[in-house]
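In: curious how this folds, go ahead:
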Amino acid sequence: MITQAIRKQKGFTLIEVLIVVALLAILAVVALVAINPAEAQKKARDTQRLKEAGDLQKVMEQYTADTPSAAAFTAASTANAASNACGTAGWLGIDMCNYVNTLVIDPRNTGSGGVYITTAGTASTGGLQYQVLLNAAGYRICTRLEAKANSARLSSDGNANNFYEIYNSTSAPTCTIP
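Out: You can find the predicted model right below:
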């Protein structure tokens, strides 16, 4: 009889299990807020944009060195159905096959309606694309950035506007992404 009265309890009660589940849920929410996956994706796309803008710069340096009297043009990566072909059917509209196998295309590549960050660190709406402009004075490569953490880059490139720019002359055409 005494052994039945001292019977040991096995397992957890329902209340104990619910408390542990609630604590895990709270920790998951805190971790998700701290990580902010949407901002991390924006930073990743911006990193890709910065690298690809540098790739476009290399292409334009080679092109302008080989073709000093090239005709002026303005091209956006949303043109020609966003074709990344290196020839005249590509979004640049000129033959770049001597310098690159395929043209880069912006990760979002929207002509309008994309959300980008301004130099003030606020969000605005417009095109997310690459733009290359060329005139007799030089070239300019333009893009917009999405991550709030990158807003300082928009003015550290030499121009305090809402574009990230790479250019070889301050007299090169200005960015006109809508």
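In: neighbours around Asn84, how many?
Out: When neighbours are defined as other Cβ atoms under 10 Å, Asn84 has 16 of them. Heads up, the C-betas are built off the backbone N, CA and C, glycines and all.
In: how about it, what does it touch?
Out: 90-91, 102-105 (Cβ atoms under 8 Å, 6 or more residues apart in numbering).
In: if you set the cut-off to 7 Å instead, what comes out?
Out: 90, 102-103, 105 (Cβ atoms under 7 Å, 6 or more residues apart in numbering).
In: now swap in Met96 and tell me
Out: Contacts of Met96 by Cβ under 7 Å, 6+ apart are 59, 63, 86, 103.
In: the top helix by length along the chain - contacts with which helices or strands?
Out: Ranked by residue count under DSSP state H, the longest helix found in the chain is helix 37-66. Contacts defined by 3 or more Cβ pairs under 7 Å, 6 or more residues apart in numbering; DSSP states H and E place helix 37-66 against strand 138-143, strand 164-167.
In: and the contacts of Met96, which of them are buried?
Out: 59, 63, 86, 103 (16 or more other Cβ atoms under 10 Å).
In: I'd say Ala76 and Leu133 touch.
Out: No: Ala76 lies out of contact with Leu133 (Cβ atoms under 7 Å); the separation is 9.6 Å.
In: just the strands in the chain please.
Out: Using DSSP state E, the strands assigned to the chain run over residues 73-76, 110-117, 123-128, 131-135, 138-143, 164-167.
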